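Trainee: curious how this folds, go ahead:
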Amino acid sequence: MPIYEYRCEECDADFELFIRSLSQPADPTCPKCGSHKVKKAISLFGVSKASSSSTLGVSCDSGST
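Mentor: Sure, this is the predicted structure:
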């Protein structure tokens, strides 16, 4: 069940739309001004910083032994 982010071209409002199923048509309407002139926005997601590089399987060591 994806959540899509949109931006209204009329009032520049950002909003999210929860789609319950893929068969549900996405007909987004701006909740602020009611416009149908909206575009999907690029979604950003959070990534937590690992406490050690070994947890990512990456070594930052220059390797001179």
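
Trainee: show me where pLDDT drops low in the protein?
Mentor: The chain contains residues with pLDDT under 70 at 1, 22-26, 43-65.

Trainee: where along it do the strands fall?
Mentor: Taking DSSP state E as the test, the strands found in the chain are 3-8, 14-18, 38-40.

Trainee: what would those look like in TSV with distance to Cys30 and mean neighbour count?
Mentor: (Each C-beta comes from the backbone N, C-alpha and C, glycine too.) Formatted as TSV, the strands of the chain follow (distance: least, Cβ to Cβ, whole Å; neighbours: other Cβ atoms under 10 Å):
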stretch	distance to Cys30	mean neighbour count
strand 3-8	4	16
strand 14-18	7	13
strand 38-40	6	14
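
Trainee: rebuild these as TSV, extending it with distance to Asp27.
Mentor: Listed next are the strands of the chain as TSV, based on distance: least, Cβ to Cβ, whole Å:
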stretch	distance to Asp27
strand 3-8	11
strand 14-18	9
strand 38-40	10
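
Trainee: and these: which comes nearest Pro31?
Mentor: Pro31 sits nearest to strand 14-18 of all those, at 5.5 Å, using Cβ to Cβ.

Trainee: ok, the closest one: who's next to it in the sheet?
Mentor: Applying DSSP bridges, strand 14-18 is found paired with strand 3-8 (antiparallel).

Trainee: lovely, talk soon.
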